[in-house]
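Enquirer: following is a predicted model, sequence given first.
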Amino acid sequence: MAKRLTPEQYIAIGYLAQPQQGGKTHAEIAKECGVSERTIYNWKNDPAFERELIAQMRRNVRDMIPAVNKAMYDTAIKEGNAAAAKLLYQQVGLLTDKVEVETKASGETPDLDELKRMVAEIDE
């Protein structure tokens, strides 16, 4: 069974997952949680705590995507920024990396006997 985190750990994660830790130091976060600063550092080394911290960071970033998209849109339109426009197009699937493959086959598919003959020539 997976280790369950405490309410204090979730409070710490709430701060630690924010940019600049929500404007708080480790000591301030520890005080909010009612634990020592050393405990905060110990928690950060706990794999279960780290997984939840990363998950919360992802949720925070996901919530910011609309604002980031708007900023890219504004930059692409108002400043004529081609890189921002390219990112927007890629994000919505209107621009993808395209690889063209050129074949030099004659268009005719050799029959089974011809393929066997070709393999025999290679083996010799």
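Expert: Sure thing, it's come through. Residues are numbered from 1 along each chain as shown.

Enquirer: so Ile30 versus Ala12, what's the distance?
Expert: Heads up, residue 30 is Ala, not Ile. From Ala30 across to Ala12, the span is 8 Å (C-beta to C-beta, to the nearest Å). C-beta: built from backbone N, CA, C; applies to glycine.

Enquirer: any common contacting residues for the two?
Expert: Counting by C-beta atoms under 8 Å, 6 or more residues apart in numbering, the contacts common to Ala30 and Ala12 are Ile40.

Enquirer: between the two, which one's more packed in?
Expert: More neighbours surround Ala12 than the other of Ala30 and Ala12, with 27 against 20 (other C-beta atoms under 10 Å).

Enquirer: just the buried residues of whatever helix or strand that one lives in, please?
Expert: Counting by DSSP states H and E, the element that carries Ala12 is helix 7-16. For helix 7-16, a neighbour-count test (16 or more other C-beta atoms under 10 Å) marks 8-9, 12-16 as buried.

Enquirer: run through who's touching that helix.
Expert: Here helix 7-16 makes contact (C-beta under 8 Å, 6+ apart) with 5, 21-22, 24, 29-30, 32-35, 40, 43-44, 49, 52-53, 56.
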